[in-house]
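Colleague: build me a model from this:
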Amino acid sequence: MQTLLTDRELLESLAVDVELNLRKHVEAAEGWQPHEFVPWDDGRNFAFLGGTDWEPEQSELSADAKLALTVCVLIADNLPSYHREIGKYLRTGAWWRWVGRWTAEENRHEIMIRNYLMVTRSVDPVELERLRMDHMTKGFRRPAMHLLDVLATCAFEEAASAVRHRNIAALGENPMVTAMADRIAVDDELQSVFFANMVAAGLDLAPDQTMRAIADRVADFHVPTVTLADGRSSDEVLAEAGLYDRAKEGELVFTPLLKRWNVFTRSDFGAEGEKARDELTHLRG
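Modeller: From the prediction side, this is the model:
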């Protein structure tokens, strides 16, 4: 039976891998500016400053695009909760620098989309603000996890986010929405690669322990959700719109990462690792 490592031992043992992968991520991340994706010439004042308040006919987006971008803003705007949840596990050295980098990248997404929605008057700004206040007040908390579970969860979450944004781009709503969604998807994919590389390092260091974490996180995976103005969950409405369907998570989220980790071809598992891997045979693909 393989010896279980504590989270502190894992943090220390994987410190070099974090440093190397952080450098790779920064080098691979294309420099871009959120303000460049906003058509500022379309903007005008609201009534408070002598302009005109929002009316539904001012929006030129389809219902699916408005839904998708509203969900994107609400999820991204809850960044303080996500920063806290990941940061409480990674408060040391290069791990903490990665948390800062990840947080900064995620914040750019919210800034870009919210500015676009306000300038183009694509959604009701008052309703969006009410939803934002409610969502952030409720916050987001994860159940207590060990380090390897956190890394696997984040790899899956970023892969899932990339799927959602690629589907938004595929709507073909307009060139700017497509460009924004594709831009965010690229960031999501690179972030998923970072977390996936750390899981891979964990597999080399503690195969059984990491395999157990992967299997557990697949079994209990849920993407972050928001409650919309009509009381429905974003899970439900995004699936109806064909933008993110949990029924396809196995094919689009889990299987690609399991292949990346060579889960089904590794020969270094003990009994516990084999047991965990057997729980994922339906995702062999």
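
Colleague: how close does residue 111 sit to residue 118?
Modeller: Between residue 111 and residue 118 the computed distance is 11 Å (CB to CB, to the nearest Å). Where C-beta positions appear, they are placed from N, C-alpha and C, glycine not excepted.

Colleague: shared neighbours, these two?
Modeller: By CB atoms under 8 Å, 6 or more residues apart in numbering, residue 111 and residue 118 have no common neighbours.

Colleague: ok, the residue in the chain sticking out farthest from the centre - contacts?
Modeller: Taking CA atoms, centre = their mean, the residue of the chain most remote from its mean C-alpha position is residue 50, at 38.8 Å. Taking CB under 8 Å, 6+ apart, we find residue 50 in contact with no residue.

Colleague: what's the distance between it and residue 119?
Modeller: The value you get for residue 50 to residue 119, if CB to CB is used, is 17 Å.

Colleague: confirm that residue 225 sits in a helix.
Modeller: No. The assignment for residue 225, made by DSSP: H, G, I helix; E, B strand; the rest coil, is coil rather than a helix.

Colleague: what about it, how many neighbours?
Modeller: By the criterion of other CB atoms under 10 Å, residue 225 has 16 neighbours.

Colleague: can you map out the helices along the stretch 151-285 of the chain?
Modeller: 175-205, 207-219, 234-240, 249, 255-260, 271-278 (DSSP state H, counting those that start in this stretch).

Colleague: then the stretch 1-150 of the chain?
Modeller: Using DSSP H, counting those that start in this stretch, helices in the stretch 1-150 of the chain cover 7-13, 15-28, 63-77, 79-87, 93-119, 125-138, 147-170.

Colleague: include mean neighbour count, mean pLDDT and distance to residue 245 when you put these into TSV, please.
Modeller: Shown next, in TSV, are those (neighbours: other CB atoms under 10 Å; pLDDT from 0 to 100; distance: least, CB to CB, whole Å):
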stretch	mean neighbour count	mean pLDDT	distance to residue 245
helix 7-13	15	95	34
helix 15-28	15	96	29
helix 63-77	22	92	13
helix 79-87	17	84	23
helix 93-119	18	95	22
helix 125-138	14	90	22
helix 147-170	23	96	9
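
Colleague: nearest to residue 212, out of those helices?
Modeller: helix 147-170 (8.0 Å; CB to CB).

Colleague: who are the packing partners of that closest one?
Modeller: Packing partners of helix 147-170 (3 or more CB pairs under 8 Å, 6 or more residues apart in numbering; DSSP states H and E): helix 7-13, helix 63-77, helix 175-205, helix 207-219, helix 255-260.

Colleague: so which residue is dead centre in the chain?
Modeller: Residue closest to the average C-alpha location in the chain (CA atoms, centre = their mean): residue 158, at 3.6 Å.

Colleague: leaving out chain neighbours, which residue sits closest to that residue?
Modeller: residue 192 (3.6 Å; CB to CB, 6 or more residues apart in numbering).

Colleague: enumerate every residue touching that neighbour.
Modeller: 154, 155, 156, 158, 159, 162, 257.

Colleague: pick out the most distant pair among the residues you listed.
Modeller: Of all the pairs that the contacts of residue 192 form, the one spanning the most space (CB to CB) is 154 and 162, at 12.6 Å.

Colleague: what's the closest of the helices of the stretch 1-150 of the chain to residue 234?
Modeller: Closest of the helices of the stretch 1-150 of the chain to residue 234 is helix 63-77, at 4.7 Å (criterion: CB to CB).

Colleague: now tell me what touches the closest one from outside.
Modeller: Residues contacting helix 63-77 (CB under 8 Å, 6+ apart): 59, 61, 106-107, 109-110, 113-114, 116-117, 122-123, 128, 131-132, 135-136, 164-165, 168, 171, 173, 177, 184, 224, 226, 228, 234, 237-238, 241-243.

Colleague: same check on stretch 207-223?
Modeller: Residues outside stretch 207-223 that contact it (CB under 8 Å, 6+ apart): 1-2, 4-5, 146, 148-149, 151-153, 156-157, 160-161, 164, 199, 202-203, 235, 244, 246, 249, 253-254, 258, 261, 263, 266, 268-273, 276-277, 279-280, 283.

Colleague: got it, and stretch 267-279?
Modeller: 1-2, 207-208, 211-212, 214-216, 218-219, 263-264.

Colleague: which one of these is nearest residue 45?
Modeller: The nearest member of the contacts of stretch 267-279 to residue 45, counting by CB to CB, is residue 218 at 49.5 Å.

Colleague: okay then, goodbye and thanks.
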